[in-house]
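Asker: got a predicted model here, sequence first, then my questions.
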Amino acid sequence: MKKITIAIDGLSSCGKSTMAKDLARTIGYTYIDTGAMYRAVTLYALRNGLFNADGSIKADELRACMGDIDISFKFNHSTGRPDTYLNGELVEGDIRTMEVSAHVSPIATLPFVRHALVASQQAMGRGGGVVMDGRDIGTTVFPHAELKVFVTASAEVRAKRRYDELCAKGMEANYADILKNVEERDYIDSHREVSPLRKADDALELDNSYMTIEQQKEWLMQKYEEAA
Ligand code: C5P
């Protein structure tokens, strides 16, 4: 069977990474979480004082640092998904905090950040056999992907899932803050100038608000079998 490219885009916290990672494991493909890459750049900016007190970004300074930011993934056999490394340091937990979530969408509007990360995503996915999830995979990173999926769910359902996920990991969580963050990120992601979040014309849309994880997995597997 030929190795295809699978692009899974959608709204914040809609469960796309759960579906994407599960499909990748089942069919033996590489899973790439592009949101983790934007989060890693954000963590770097937070740690290096690249935000002003009013929350704006010191864009020129960040641009000058882009060459010093190395993001890589290593498969973690106990969680069954890749862990994110920033300049060789394991940052999988640090990039999932509310602080990073609150700062990541403005970072993801910067054209030089997108340019660098998109180039690296294209290099990682060259040759196919990847399931890549994000916001612009089917529109910009791999516009010729053989299978494109666009996932949506109501903001309330997504915030509740994110809340449960953080609680399960023992991380700090407040439902109202999460809901506000999910809505803000959707807004910024879909209104930015460079590759805004939107469904590619040829993407299959999935509203998973009322679907179990098992039903979503089955749906995606069927779409993969039809596309491969
Ligand atoms: O997928 P996740 O919610 O972890 O992504 C974090 C943020 O990174 C998104 O809210 C969005 O601002 C940005 N992002 C992006 N393009 C991608 C993946 C993520 O702009 N391909």
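Answerer: Yep, that arrived.

Asker: and the helices in the protein?
Answerer: Counting by DSSP state H, the chain has helices at residues 16-27, 34-47, 59-65, 98-107, 111-125, 155-168, 175-191, 213-227.

Asker: buried ones in the shortest one?
Answerer: Neighbour counts using 16 or more other CB atoms under 10 Å place 59, 62 of helix 59-65 among the buried residues. C-beta: built from backbone N, CA, C; applies to glycine.

Asker: show the average pLDDT along that helix.
Answerer: The average pLDDT within helix 59-65 is 98.

Asker: who are the packing partners of it?
Answerer: Applying 3 or more CB pairs under 8 Å, 6 or more residues apart in numbering; DSSP states H and E, one finds that helix 59-65 contacts helix 34-47, helix 111-125.

Asker: show me what from this protein comes close to the ligand.
Answerer: Applying CB under 6 Å from any ligand atom, one finds that the chain approaches the ligand through 12, 34-35, 38-39, 104-105, 108, 134-136, 185, 189.

Asker: mind picking the lowest-pLDDT entry from those residues?
Answerer: pLDDT is lowest at S12 among the residues of the chain next to the ligand; the value there is 90.

Asker: out of the helices of the chain, deepest packed?
Answerer: Most buried of these by mean neighbour count (mean count of other CB atoms under 10 Å) is helix 34-47; its value is a mean of 23.

Asker: what does G93 show for phi and psi?
Answerer: With angles defined as degrees, to the nearest 10, G93 sits at phi -80, psi -40.

Asker: what sits against it?
Answerer: G93 makes contact with 169, 171, according to CB atoms under 8 Å, 6 or more residues apart in numbering.

Asker: check the nearest residue to D70 once chain neighbours are set aside and give its pLDDT.
Answerer: With sequence-adjacent residues excluded and distances taken as CB to CB, 6 or more residues apart in numbering, D70 is closest to N87, at 5.1 Å. On pLDDT, N87 comes in at 98.

Asker: also the one 10 residues further on?
Answerer: As predicted, T97 sits at a pLDDT of 92.

Asker: tell me who's in contact with the residue nearest to it when sequence neighbours are not counted.
Answerer: Counting by CB to CB, 6+ apart, T97 lies nearest to M171, which is 7.1 Å off, once chain neighbours are set aside. Going by CB under 8 Å, 6+ apart, M171 touches 93, 96-97.

Asker: which residue packs closest to the residue nearest to the spatial centre of the chain, ignoring adjacent ones?
Answerer: Against the mean C-alpha coordinate of the chain, by CA atoms, centre = their mean, the closest residue is G35 at 2.7 Å. In space, and not counting its chain neighbours, G35 is closest to G134: 6.0 Å by CB to CB, 6+ apart.

Asker: ok, the one you found - how many residues close by?
Answerer: Using other CB atoms under 10 Å, G134 has 30 other residues around it.

Asker: L90 now?
Answerer: A total of 12 residues lie near L90 under the criterion other CB under 10 Å.

Asker: from the ligand, how far out is it?
Answerer: The spacing between L90 and the ligand, counted by CB to the nearest ligand atom, to the nearest Å, is 17 Å.

Asker: export the helices of the chain as a markdown table, with columns for distance to L147.
Answerer: Formatted as a markdown table, the helices of the chain follow (distance: least, CB to CB, whole Å):
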| stretch | distance to L147 |
| --- | --- |
| helix 16-27 | 10 |
| helix 34-47 | 16 |
| helix 59-65 | 34 |
| helix 98-107 | 26 |
| helix 111-125 | 13 |
| helix 155-168 | 23 |
| helix 175-191 | 22 |
| helix 213-227 | 4 |
